[in-house]
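Novice: The sequence and its predicted three-dimensional model are supplied below.
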Amino acid sequence: LMNSYMTRSNLKLAREIASNGKTIHGATRTLKMPVLNMVGEQSPHVDATVVLNGKLDPSKCTWMKIREAGMVLEEQPEKVAEAIKLFLQGLGYTLRKPKPLSSKP
């Protein structure tokens, strides 16, 4: 596992921009699926997430910096859960709490 991580290659992503400054639709060097990109404001990886976000189609990506966190999953799990919930709702998915089972006498 560690060897795979150490020898991984770049994804070679790039936002392809037309001469009018707009993103070219159907560009091949960017991710085509919706992306939620989260980072803690105290994380050493803030700049890397900004660079990644700049390579993605702005209509398909959301970038968030979570306050008062370095490791967002450990320090702010409720904010991460809320962000994921809202991201999925924005994609048209609805999340509902399951109804409690009722006990009939």
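Specialist: Noted; the coordinates are in hand.

Novice: This structure: strands as residue ranges?
Specialist: 35-40, 61-66 (DSSP state E).

Novice: Give me the sheet partners of the first one and which way each runs.
Specialist: Looking back up the chat, that one is strand 35-40. Its sheet considered, strand 35-40 pairs with strand 61-66 (parallel) by DSSP bridges.

Novice: what is the rounded mean pLDDT of the strand it pairs with?
Specialist: Strand 61-66 shows a mean pLDDT of 94.

Novice: contacting residues around it?
Specialist: Contacts with strand 61-66, where a contact means Cβ atoms under 8 Å, 6 or more residues apart in numbering, come from 31, 34-41, 46, 49-50, 53, 72, 76, 79-80, 83, 87, 90. All C-beta atoms are positioned from the backbone trio N, CA, C, and that covers glycine.

Novice: CA atoms only for stretch 47-61 - export them in PDB, please.
Specialist: What follows is stretch 47-61, C-alpha atoms only, in PDB (Å, rounded to 0.1, in the frame of the first residue of the first chain):
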ATOM      1  CA  ASP A  47      -2.900  25.700  -1.100                       C
ATOM      2  CA  ALA A  48      -3.000  22.200  -2.700                       C
ATOM      3  CA  THR A  49      -6.800  22.200  -2.600                       C
ATOM      4  CA  VAL A  50      -7.000  25.600  -4.100                       C
ATOM      5  CA  VAL A  51      -4.700  24.500  -7.000                       C
ATOM      6  CA  LEU A  52      -6.900  21.400  -7.500                       C
ATOM      7  CA  ASN A  53     -10.100  23.500  -7.400                       C
ATOM      8  CA  GLY A  54      -8.600  25.700 -10.100                       C
ATOM      9  CA  LYS A  55      -8.100  22.700 -12.400                       C
ATOM     10  CA  LEU A  56     -11.800  21.700 -12.100                       C
ATOM     11  CA  ASP A  57     -14.900  22.900 -14.000                       C
ATOM     12  CA  PRO A  58     -16.400  25.600 -11.700                       C
ATOM     13  CA  SER A  59     -19.900  24.400 -12.500                       C
ATOM     14  CA  LYS A  60     -19.100  20.900 -11.100                       C
ATOM     15  CA  CYS A  61     -17.000  21.700  -8.000                       C
END
